[in-house]
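Asks: here is my input; please provide its structure:
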Amino acid sequence: MSQQDDFDRGMKNRRAVLGDEWVDKSLNSATAFNAEFQAFFTRYAWHDIWGRPGLDHTTRRLLVLGMTMALARWEEFEVHCRGAVRHGVPLEKIKETLMQGAIYCGVPAANTAFKIAMGVLREEGLVPAPQSLAADARIAQHHTFSEPQLRVAVQGKGAPVMLAHALGLDHTMWDDLAARLATTNLVARYDQVGHGGSAVPPGPYTLDQMVDHAARIVREWGQGPVVWVGLSMGGMVGQGLAIRYPELVKGLVLANTTSQYPQEAQAGWSQRIETVNQQGMQGIVQMVVERYLSEEFRRTHPAFTQALRETLLRSDPAGYAACCHGLRDVNWTDRLREIRVPTLVLAGGKDVGTPPSMAKAIAERISGAVLHQFDGAAHLSVAEAPDEFEQQVRSLLARIG
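Replies: Numbers count the residues shown, from 1 in each chain. Now for the predicted structure:
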């Protein structure tokens with residue numbers, strides 16, 4: 001019966017991180033001169049350090065990439081980069097590690113690291129899709145000069161479309177749809193006040209204030225009137241924009257949203273505000289994820305679900321709670337008949353936060369509004385039914401011409 005020692009335990013970790021091919025090559029090339037050294041770092045590095053319970057292997061892999069990048073140990077960097085890629089470390093996490101290294105290790109080091117990493121991706125058949133930085137393809141990002149400063153991203157060419165995100169998220173919620181629409185339209189999206197890269201002034205915020213911010217962005221952009229595509233909070237802002245600033249809107253997509261909450265739902269919003277103020281985003285994140293995505297989607301798309309969770313946890317609790325005040329008090333119902341632009345109302349059949357009945361109430365009050373339901377989707381219908389969502393938006397754009 002073989003007896004396992006610290007060398008064997010270290011070797012198990014070493015193979016798990018770097019792969020059998022590299023480790024076998026190293027072991028087979030050992031000599032009487034360096035064999036003790038091989039055994040030494042296998043025990044102490046690969047067992048005593050990589051075997052510690054405090055950090056998972058993905059975190060340790062990323063730390064090693066940053067450290068070898070800082071020290072310009074490029075052979076070690078390449079070995080660990082290849083191991084990370086082959087063992088499923090998300091490319092986004094590797095990219096972010098190298099991006100942060102550009103600040104702390106220097107741009108030349110990051111340049112070399114990205115070059116080596118791209119070589120590894122080519123060898124592994126994982127070359128990322130092209131993303132041109134040409135003037136007509138680049139995503140231009142900036143902040144408004146007026147206060148509060150709001151982060152804006154613009155891409156594409158053509159008739160202007162503005163995308164407005166849901167509570168707790170940011171403009172990256174629209175990455176996929178924005179890229180699709182940018183093939184035919186000039187697309188802008190922004191981080192609403194208290195969210196993402198935008199300012200977080202003291203709250204609470206009213207919905208009228210958020211509508212004023214939207215009007216300011218459209219005016220500063222100088223491309224209006226726009227087709228406004230808003231989901232959830234973005235849809236509430238869109239209703240107010242079309243009512244209070246009709247000259248800035250030529251079409252309206254209101255997805256997974258409401259014009260007014262019943263009294264019992266308003267009480268739920270007050271409880272949510274209290275929870276966030278006391279516990280931060282951790283206190284509500286699970287509830288929000290379960291509302292935003294259907295159970296089936298969460299089960300079949302674990303990576304997306306985890307990314308959503310991480311985005312919500314990064315959201316500023318003060319900004320989130322400040323916006324909740326405005327959403328709790330939304331009350332556009334009696335003014336919806338003032339909206340005179342082509343309007344598309346979208347609902348998720350599994351949406352418990354803003355159920356189809358709320359979408360129907362909006363569509364019934366806007367002259368000529370078209371109502372469409374995504375039967376299998378919950379609150380983030382643009383994520384659960386991206387093709388159908390795009391098709392519906394394009395149907396409105398075609399109506400407007």
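
Asks: list the contacts of Arg335.
Replies: By C-beta atoms under 8 Å, 6 or more residues apart in numbering, the residues touching Arg335 are Ile243. For every residue, glycine as well, the C-beta is placed using N, CA and C.

Asks: kindly state the pLDDT recorded for it?
Replies: We note a pLDDT of 97 for Arg335 in this prediction.

Asks: let's verify Val229: helix, strand, or coil?
Replies: strand (DSSP: H, G, I helix; E, B strand; the rest coil).

Asks: now do Gly168
Replies: Here Gly168 takes the coil state, with states given by three-state DSSP.

Asks: wait, it touches Ser315, no?
Replies: Yes. Gly168 is within contact range of Ser315, at 4.7 Å (criterion: C-beta atoms under 8 Å).

Asks: so between those two, which is more surrounded?
Replies: Gly168 (28 against 22; other C-beta atoms under 10 Å).

Asks: quick one: that one from Gly353, how far?
Replies: Between Gly168 and Gly353 the distance is 12 Å, computed by C-beta to C-beta, to the nearest Å.

Asks: same check, this time on Phe37
Replies: Distance, Phe37 to Gly353, by C-beta to C-beta: 60 Å.

Asks: between those two, which has more neighbouring residues?
Replies: Comparing Phe37 with Gly353 by other C-beta under 10 Å, the one with more neighbours is Gly353, at 20 against 10.

Asks: and the more buried one, backbone torsions?
Replies: phi -80, psi -50 (degrees, to the nearest 10).

Asks: can you list residues touching both of Gly168 and Ser315?
Replies: What both Gly168 and Ser315 touch, as defined by C-beta under 8 Å, 6+ apart, is the set His195, Met281.

Asks: can you tell me how far Phe252 is from Arg394?
Replies: One thing to correct before we go on: residue 252 is Leu, not Phe. Taken as C-beta to C-beta, the span from Leu252 to Arg394 is 15 Å.

Asks: which one's more surrounded, those two?
Replies: Leu252 (24 against 14).

Asks: give the contact list for the residue lying closest to that one once chain neighbours are set aside.
Replies: Nearest non-adjacent residue to Leu252, counting by C-beta to C-beta, 6 or more residues apart in numbering: Thr343, 4.4 Å away. Going by C-beta under 8 Å, 6+ apart, Thr343 touches Ala242, Gly251, Leu252, Val253, Leu254, Ala363, Ile366, Gly368, Ala369, Val370, Leu396.

Asks: same thing with Leu55?
Replies: Counting by C-beta under 8 Å, 6+ apart, Leu55 touches Leu63.

Asks: repeat that for 6 Å
Replies: For Leu55, no contacting residues are found, by C-beta atoms under 6 Å, 6 or more residues apart in numbering.

Asks: just the element for it, please.
Replies: For Leu55, there is no host helix or strand (DSSP states H and E).

Asks: next, it: phi, psi?
Replies: Torsion angles at Leu55 (phi, psi; degrees, to the nearest 10) stand at phi -130, psi 140.

Asks: which pLDDT value does the model give it?
Replies: 90.

Asks: what do you get for Val218?
Replies: Value for Val218, per-residue pLDDT: 96.

Asks: that one contacts Gly224, correct?
Replies: Yes. Val218 lies in contact with Gly224 (C-beta atoms under 6 Å); the separation is 4.5 Å.

Asks: neighbour count: the two, which is higher?
Replies: Neighbours of Val218 and Gly224, each counted by other C-beta under 10 Å, are more numerous for Val218; the result is 23 against 18.

Asks: give me the low-pLDDT residue ranges for the chain?
Replies: Within the chain, the stretches with pLDDT under 70 are 1-4, 132-137.
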